[in-house]
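Asker: Sequence and computational prediction follow.
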Amino acid sequence: MIFYSYFSFQTLTNCYIIGSKKNTDAVIIDPGVFDLNLLKIIEDNKLYIKKIFVTHSHKSHIAGIRTILKIYDAKIYSYRHSIFEYKSVRIRDMEKIDLGEKVFEVLETPGHSGDSITFRLDKFLFTGDSLFAGTIGPTTDKFEKGLLLSTIKEKILNYEDDCFIFPGHGPPSKLGIEKKFNIDLLS
């Protein structure tokens with residue numbers, strides 16, 4: 001497996017690229033930007049973006065999609081029917097998305113936004129803005145915060161402590177660390 005984490009200083013967001021060593025097919029998760037540095041990582045590794053995964057449709061996590069679709073013949077996978085003017089493959093809780101040698105699992109994790117999704121690949125959890133290192137994603141009211149906490153506890157915290165968390169913002173973490181020290185999960 002080929003894995004890259006890309007931080008954008010422009011949007012202060014993380015983007016992730018997962019590819020195969022057996023072929024050129026790759027997934028990009030939350031492309032908030034698509035600049036020359038990101039293109040260089042993809043092209044230098046002889047990857048071809050086939051799938052775009054969207055953890056939620058806030059602009060800072062999807063703004064690079066238009067550029068990607070000008071370069072690559074990729075499909076968008078999200079909770080929504082469309083992102084911008086592009087049709088999306090609508091995905092739901094517990095669905096599996098095959099990437100050849102790897103399979104992603106979809107976990108609906110609403111709260112930060114109504115369309116929030118976490119993608120699980122083995123021991124990697126791509127949480128978008130649902131779960132960060134040390135905190136949870138921002139919400140607008142107590143109902144949304146309660147919903148987010150409930151979905152995190154029900155759908156994410158049941159995985160092993162050595163699972164990695166790759167959020168939409170900030171540094172990565174491990175699930176065991178979050179279970180012990182995440183201030184929002186302890187309250």
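Answerer: Arrived safely.

Asker: doesn't residue 39 fall inside a helix?
Answerer: Yes: the assignment for residue 39 is a helix, going by DSSP: H, G, I helix; E, B strand; the rest coil.

Asker: Please verify my assumption that it contacts residue 71.
Answerer: Yes: with contact defined as Cβ atoms under 8 Å, residue 39 counts as touching residue 71 (7.4 Å). Every C-beta, even on glycine, is put in place using the N, C-alpha and C of the backbone.

Asker: Can you show me the helices along the protein?
Answerer: Under the criterion DSSP state H, the chain contains helices at 36-44, 59-62, 65-71, 142-155, 175-181, 183-186.

Asker: Pick the most deeply packed of those.
Answerer: Most buried of the helices of the chain, by mean neighbour count (mean count of other Cβ atoms under 10 Å): helix 59-62, with a mean of 18.

Asker: ok, the residue nearest to residue 114 when sequence neighbours are not counted to residue 142 distance?
Answerer: Nearest non-adjacent residue to residue 114, counting by Cβ to Cβ, 6 or more residues apart in numbering: residue 79, 7.9 Å away. To residue 142, residue 79 is 23 Å away according to Cβ to Cβ, to the nearest Å.

Asker: Also residue 67?
Answerer: On the measure of Cβ to Cβ, residue 67 and residue 142 end up 38 Å apart.

Asker: Centroid-wise, who is the farthest residue in this protein?
Answerer: residue 187 (25.3 Å; Cα atoms, centre = their mean).

Asker: show me what contacts it?
Answerer: By Cβ atoms under 8 Å, 6 or more residues apart in numbering, the contact list for residue 187 is empty.
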